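Asker: The sequence isn't on hand, but the structure is:
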């Protein structure tokens, strides 16, 4: 059975970790291995959603215990496709260049008990010893705590039923994570920001330059908050494979 066709019937589980991918064949197996090391008292599943019609990332997957599906290219579309087949009560949307902190599933379970929160995210961590990256991650974590609008690279998690009831991600070229969280905030539904940090790759800053990448992200976010449509912002962002490096 080809891995890109693999999708078996599964029992209900607590968590569904949904990973949208594009050109991630070189790193997908290390991410899956890292997820298998998560210790959880509750069962969980891993769903990889490919956006490349050539299916390069799906063909690279070695595990037979991953639900691997095709989706239309675009992070929002792919995450919605993963959510549509998810069996978990709680969805965790994970970027391919980001790793969850140790014990993450238990931390999410504890935070979501009692039905107080509809979802949340982790503080941001960047996998580098350089002080500038610590500053960037600290500022990003402070911002998300202040605004209650975390970004997608903070591993957003949300109750599946709630996610479906509010219509999932808007299928826009970028800022789908911000749009979702703004919608939740407007509804007055509480989210939690966990103090444990994800570990995300510094590749986008190293590739584009720390100052350039940081300023670009701030400008795009500000323009979006001021009402510039995502379609217009995407013209400046060069939407395509780089959209997965947000």
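Answerer: Arrived safely, thanks for sending. Everything quoted here is computed from the prediction, not taken from an experiment.
Asker: going forward, measure contacts and count neighbours with C-alpha atoms only.
Answerer: Fine.
Asker: can you pull out the helices in this protein?
Answerer: 28-36, 56-60, 75-85, 104-112, 131-147, 160-165, 176-187, 203-208, 210-225, 230-237 (DSSP state H).
Asker: how distant is the longest one from the center of its chain?
Answerer: Averaging C-alpha positions (C-alpha atoms, centre = their mean, to the nearest Å) puts helix 131-147 17 Å from its chain's average.
Asker: now do the shortest one
Answerer: The gap between where helix 56-60 is centred and where its chain is centred comes out at 19 Å by C-alpha atoms, centre = their mean.
Asker: Which elements pack onto it?
Answerer: Identification of packing neighbours for helix 56-60 by 3 or more C-alpha pairs under 8 Å, 6 or more residues apart in numbering; DSSP states H and E yields helix 28-36, strand 44-50.
Asker: Return the most buried member of the helices of the chain.
Answerer: Highest mean neighbour count of the helices of the chain: helix 75-85, a mean of 23 (counted as mean count of other C-alpha atoms under 10 Å).
Asker: angle of it against helix 176-187?
Answerer: 70 degrees (axes from the mean of the first three to the mean of the last three C-alpha atoms, to 10 degrees).
Asker: what pLDDT, on average, does helix 75-85 get?
Answerer: The average of the pLDDT scores along helix 75-85 is 97.
Asker: what about residue 172, neighbour count?
Answerer: Neighbour count of residue 172, defined by other C-alpha atoms under 10 Å: 17.
Asker: thought it was touching residue 229?
Answerer: No: counting by C-alpha atoms under 8 Å, residue 172 stays clear of residue 229, with 9.3 Å between them.
Asker: do you know how far residue 57 is from residue 214?
Answerer: Going from residue 57 to residue 214 by C-alpha to C-alpha, to the nearest Å gives 28 Å.
Asker: thinking again about what came up before, now for the helices and strands packed on helix 56-60, which one comes closest to residue 202?
Answerer: helix 28-36 (15.5 Å; C-alpha to C-alpha).
Asker: how far is the closest one from where the chain is centred?
Answerer: The answer for helix 28-36 is 15 Å, by C-alpha atoms, centre = their mean.
Asker: packing partners for it?
Answerer: Using 3+ C-alpha pairs under 8 Å, 6+ apart: helix 28-36 touches helix 56-60, strand 98-99.
Asker: From the contact counts, what lies against the last one?
Answerer: In other words, strand 98-99. Strand 98-99 sits against helix 28-36, strand 199-200, with contacts defined as 3+ C-alpha pairs under 8 Å, 6+ apart.
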